[in-house]
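Novice: Sequence isn't available, so here's the structure alone:
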């Protein structure tokens, strides 16, 4: 029905290989490659179907564990998560370990009254040029292999405990990355990973790490902390995949390819409950006059044509709730959050008219 190929304006997009009637479902992304429910909502959002009932806390947990950071709206959702998301049983222990580690480190930090972790890696005079960022990551890798108790965060008890007590946004990132690393491990050693869980498919997405850091420089320190945290806590068998390159790959691709897990029904008042990455769905580019509508049903993303589509026409969605905004406001929002200037037909006409 459609194929993925290069666009005239750069990157790749989805193009119709035949005429498509209005109301046709052109794609279903069955489950995220990786996803995280934000810490603030983790008790209130079902770990499988993402159901949210206006702050009501779900009661059902995974069997044999109380602290893996997952709650479910029903026993059926719990069983489906176990069977579909973690059939190997490799993921739950990792998520539980993250929960235990953060909780313990926070208690220790609070009792010691040691204060928050100092931003030692990104100093006030740090230059955010590309080569400086690369050199800093190389420096961090060097520190983690150092025998120095004072320099190596994993050998310095005070530094290590401060890093392990992640901030909530770092906790969310750590879980998102940990799931991706487990997927990569399974793909490498078992080869039985379903298509929507492949690292190779995920890695085909464009990284916007540099754009993200340029917009929010403070995140560089946060990203480094998350990397050191994962090096400290991930089980030994996963350590070969906990590299700065892989951590940066997830964070850089999540920044512009993620689909928010929004409270349904979707309105301007909906809460964003988490973040999810569907590699196959990320090739739908944005248009301010979209011909495809995206909807979430449980943990699936559905893409349905909103009008007749000609053969060869690009299939486009709207990245956010911005279609009623003025052209200049849409342009600014897309540049800020998704790092591109929209050149769709609607923007071209409206900007020319405004000028």
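Specialist: On my side now, so go ahead. Computed from a prediction, not measured in an experiment: that's the story for all the values here.

Novice: Enumerate the positions of stretch 33-47 that are buried.
Specialist: 33-39, 41-42, 44-47 (16 or more other Cβ atoms under 10 Å). (C-beta placed from N, C-alpha, C; glycine too.)

Novice: Also stretch 186-195?
Specialist: By 16+ other Cβ under 10 Å, the buried positions in stretch 186-195 come out as 186-187, 193.

Novice: Low-confidence ranges, the stretch 51-200 of the chain, go.
Specialist: 113-119 (pLDDT under 70).

Novice: Spell out the residue ranges of the helices in it.
Specialist: 75-80, 91-112, 130-144, 157-164, 168-189, 199-203 (DSSP state H, counting those that start in this stretch).

Novice: what residue lies at the spatial centre of this protein?
Specialist: Taking Cα atoms, centre = their mean, the centroid of the chain lies closest to residue 254, which sits 3.9 Å from it.

Novice: helix or strand for it, which one?
Specialist: Assigned by DSSP states H and E, residue 254 belongs to helix 244-257.

Novice: got a list of contacts for that helix?
Specialist: 34, 137, 140-141, 173, 176-177, 180-181, 184, 202-203, 205-212, 223, 226-227, 230, 275, 277, 279, 282, 337-339 (Cβ atoms under 8 Å, 6 or more residues apart in numbering).

Novice: One more: stretch 102-110?
Specialist: 67, 161-162, 164-166, 171.

Novice: and the two most separated of the residues you listed?
Specialist: 67 and 162 (21.4 Å; Cβ to Cβ).

Novice: picking up where we left off before, right, and out of the contacts of stretch 102-110, which lies closest to residue 17?
Specialist: Nearest to residue 17, judged by Cβ to Cβ, of the contacts of stretch 102-110 is residue 171 at 42.9 Å.

Novice: That closest one - how many residues pack around it?
Specialist: Number of residues near residue 171 (other Cβ atoms under 10 Å) recorded here: 22.

Novice: ok, it to residue 66 distance?
Specialist: 17 Å (Cβ to Cβ, to the nearest Å).

Novice: still on that earlier bit, which among the contacts of helix 244-257 count as buried?
Specialist: Buried members of the contacts of helix 244-257, counted by 16+ other Cβ under 10 Å: 34, 137, 140, 173, 176-177, 180-181, 184, 202, 205, 207-209, 211-212, 223, 226-227, 230, 275, 277, 279, 282, 338-339.

Novice: What's the first helix or strand after the helix holding residue 254?
Specialist: Past helix 244-257, the next helix or strand by DSSP H and E is strand 259-262.

Novice: got the angle between the following helix or strand past that next one and helix 244-257?
Specialist: Going down the chain from strand 259-262, the next helix or strand is strand 272-277, by DSSP H and E. Strand 272-277 and helix 244-257 are oriented at 120 degrees to each other (axes from the mean of the first three to the mean of the last three Cα atoms, to 10 degrees).

Novice: What mean pLDDT does strand 272-277 get?
Specialist: The average pLDDT within strand 272-277 is 98.

Novice: ok, residues contacting that strand?
Specialist: Everything outside strand 272-277 that qualifies as a contact, by Cβ under 8 Å, 6+ apart, is 32-38, 41, 44-45, 50, 52, 172, 176, 202, 205, 253-254, 257-263, 299.

Novice: next one: that strand to chain centre, how far?
Specialist: 7 Å (Cα atoms, centre = their mean, to the nearest Å).

Novice: contact partners of the next helix-or-strand element following that strand?
Specialist: Following strand 272-277 in sequence order, the next helix or strand is strand 285-286 (DSSP H and E). Strand 285-286 is contacted by residues 7, 11, 13-14, 314, 316-319, 334, 338, 340, 342, 344 when judged by Cβ under 8 Å, 6+ apart.
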